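Student: need a 3D model of the sequence below.
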Amino acid sequence: MNATSSKNEETYTGRLLAFTIPARHARGRLVRLDDVLDEILAAHDYPAPVTHLLAEALVLAVLIGGLVKDDGSQVTMQAQTEAGAVSLLVCDYKGGELRGYVEFDDGKLAELGANPSLFALFGKGYLAITFDLVGGQGRYQGIVPLEGDSLAEACERYFYQSEQVPTLIRCAVRSDGAGVKAAGLLVQHLPEGEEGRERLHAKLDHPEWEHVAILAGSLRHEELLDPELSLEAIAWRLFHEEDQVLVQPGAAIGRGCRCSVEHYKDVLERFPEDQRAEMRDENGIVLVDCAFCSKQFGIEI
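Tutor: Residues are numbered from 1 along each chain as shown. Sure, this is the predicted structure:
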């Protein structure tokens with residue numbers, strides 16, 4: 001296995017790890033979040049079920065966002081519902097910058113108990129994943145129903161239905177007195193490589209993929225969350241029998257709320273003057289709340 005040999009240089013938390021298994025035409029991403037997760041969650045006083053949901057979503061945003069080049073492109077994951085306790089969940093990832101928030105109904109959530117299912121939280125909902133790619137590559141989006149037992153399952157369905165790429169995702173979340181910890185693994189089969197060739201079909205029963213999926217599926221939640229186990233070590237445990245596993249540490253993950261007076265002023269300047277006039281308070285200030293970090297900005301415009 002081709003990996004960094006020094007333990008001090010191995011990846012434990014707060015940084016994405018990419019790996020590929022050339023002989024199996026597979027690629028993967030691993031991430032573990034702790035301090036950055038606490039920082040994002042601290043902006044809101046979320047109840048436990050919402051905290052768990054957002055922690056999983058943030059891990060998924062990093063895993064999926066880590067599939068695109070670190071060139072300013074952004075991946076946004078948005079889950080919405082028609083009548084669920086959770087009405088909206090939004091996360092996005094851009095070059096190591098991570099943010100997310102949840103809108104929910106306190107009353108409906110209280111009726112669901114301590115460990116509500118995905119369907120109980122969202123009811124009839126859908127998941128949209130949007131890729132905003134720089135360099136003239138464009139913007140594309142896929143939408144799938146929010147079905148299954150977790151957001152991870154819905155993301156697996158997105159890749160199979162929208163991109164025809166067999167994908168396995170595992171997420172683990174734990175909350176204790178030391179804060180919230182979350183981690184995840186994503187593995188994909190790309191039999192036609194990553195060189196832009198058209199994929200004519202996706203074979204979930206392809207022998208290469210079956211082999212990789214069985215190995216990746218053996219990963220336990222305890223291993224994902226173990227702070228003493230590096231991400232390189234996880235990849236080694238899963239795929240040590242392969243001829244070659246190439247690993248590459250990726251971006252460091254930080255809270256990436258991009259709100260600022262300048263940003264909101266730029267947005268407001270795009271509105272006609274009559275609409276801006278309606279937004280101003282008696283002091284001529286437009287008050288703007290950032291849903292991601294819970295800060296309020298007074299914009300004089």
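
Student: poorly predicted segments of the stretch 151-300 of the chain, please.
Tutor: Within the stretch 151-300 of the chain, the set of residues satisfying pLDDT under 70 comprises 191-205, 259-261, 263-264, 290, 294, 297.

Student: how about the strands in it?
Tutor: With strands called from DSSP state E, counting those that start in this stretch, the stretch 151-300 of the chain shows them at 167-176, 179-189, 246-252, 254-255, 285-289, 296-300.

Student: if I look at Arg258, how far off is Leu98?
Tutor: 11 Å (Cβ to Cβ, to the nearest Å). No exception for glycine: its C-beta is placed from N, CA and C like everyone else's.

Student: neighbour count: those two, which is higher?
Tutor: Set side by side, Arg258 and Leu98 show more neighbours around Leu98, with 26 against 12, by other Cβ atoms under 10 Å.

Student: where does the more buried one land in three-state SS?
Tutor: Put simply, Leu98 is strand when judged by DSSP: H, G, I helix; E, B strand; the rest coil.

Student: is it in contact with Thr76, as I believe?
Tutor: No. Using Cβ atoms under 8 Å, Leu98 makes no contact with Thr76, being 11.5 Å away.

Student: what do the two both touch?
Tutor: 91-92 (Cβ atoms under 8 Å, 6 or more residues apart in numbering).

Student: for Gly65, give me its contacts.
Tutor: The contact partners of Gly65, taken as Cβ under 8 Å, 6+ apart, are 74-75, 92-94, 98.

Student: how about a cut-off of 7 Å?
Tutor: Counting by Cβ atoms under 7 Å, 6 or more residues apart in numbering, Gly65 touches 75, 93.

Student: give me phi/psi at it?
Tutor: Dihedral angles of Gly65 (phi, psi; degrees, to the nearest 10) stand at phi -60, psi -30.

Student: per-residue pLDDT, it?
Tutor: You'll see Gly65 listed with a pLDDT of 95.

Student: same thing with Asp38?
Tutor: For Asp38, the model assigns a pLDDT of 92.

Student: that one against Val180, yeah?
Tutor: Yes. Asp38 lies in contact with Val180 (Cβ atoms under 7 Å); the separation is 6.2 Å.

Student: more neighbours, the two?
Tutor: Each of Asp38 and Val180 has its neighbours counted (other Cβ under 10 Å); Val180 has more, 22 against 15.

Student: helix, strand, or coil at the residue nearest the centre of the chain?
Tutor: In the chain, the centroid-proximal residue (Cα atoms, centre = their mean) is Ala61; its distance is 1.2 Å. Here Ala61 is recorded as helix under three-state DSSP.

Student: can you report how many residues lie near the residue nearest to it when sequence neighbours are not counted?
Tutor: Distances taken as Cβ to Cβ, 6 or more residues apart in numbering put Cys91 closest to Ala61, at 4.0 Å, once the chain neighbours are dropped. Residues near Cys91, counting by other Cβ under 10 Å, number 27.

Student: likewise for Arg24?
Tutor: 23.

Student: you'd agree it is up against Glu208?
Tutor: Yes. The criterion here is Cβ under 7 Å, and Arg24 meets it with Glu208 at 4.8 Å.

Student: ok, Leu109 - contacts?
Tutor: Residues in contact with Leu109, defined by Cβ under 7 Å, 6+ apart, are 47, 49, 85.
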